[in-house]
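J.: give me a 3D structure for the following:
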Amino acid sequence: MKLNLKNDAKKIYQLVKKRVRDYPIYINRGPGEDEDPISQITLGYSVDQAGWIALVFDTRPDSEPDGEWNSYIEENQLEFPKWAKAVDAFCDKGEPIELILPDGNQQTLGEDDDLAEVIGKVLKEILLKARKEKLFKDLPIAKSNMMGVEDQVGAYGWPDYDDRFKLGWIRK
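T.: Modelled structure (predicted):
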């Protein structure tokens, strides 16, 4: 099965831009109080059981990468059903997963490769691009803040817990 992660990455980045642009005009659909500044942005996702991503803004003053974002998936998700179909075809029938990566390169996943890790790295690059392009500059960001990527079943996470304030800052 072929997956075009280049197109998927564009859709996800557009969602990030829209959610940032719309943030001041809606009630936060994430943990914490609406009026508090954002302390954590999580780009969570699932590949194995259903393909989706969820961008969750956390305004808890003591937020941690504790999985609380999982309670806010439905109202923050964008679906990618082909991801799960590709995993099923690979696991059930041994069909290779052919990828078009965001940079246009192609890759075929084999037995030793993990689609969840590949997608996690794509999501990490989306968050880093958003930070580099100062997409988050107008959001109400807490002094202590972090962003990260988490696979729902733990197949990939960024940044490592000990580096969350060093590598995962939203805005200094």
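
J.: grab the nearest non-local neighbour of Arg60.
T.: Gly32 (4.1 Å; Cβ to Cβ, 6 or more residues apart in numbering). All C-beta spots, glycine's among them, are computed from the backbone N, C-alpha and C.

J.: burial measure for that neighbour, as a count.
T.: 20 (other Cβ atoms under 10 Å).

J.: from the contact counts, what lies against the helix or strand containing Ile126?
T.: If you go by DSSP states H and E, Ile126 is part of helix 115-132. If contacts are counted by 3 or more Cβ pairs under 8 Å, 6 or more residues apart in numbering; DSSP states H and E, helix 115-132 sits against helix 5-22, strand 38-46, helix 81-93, strand 106-109, strand 141-151, strand 157-158.

J.: and of these, who's closest to Trp52?
T.: strand 38-46 (5.6 Å; Cβ to Cβ).

J.: adjacent strands (with direction) for the closest one?
T.: strand 52-58 (antiparallel), strand 141-151 (parallel) (DSSP bridges).
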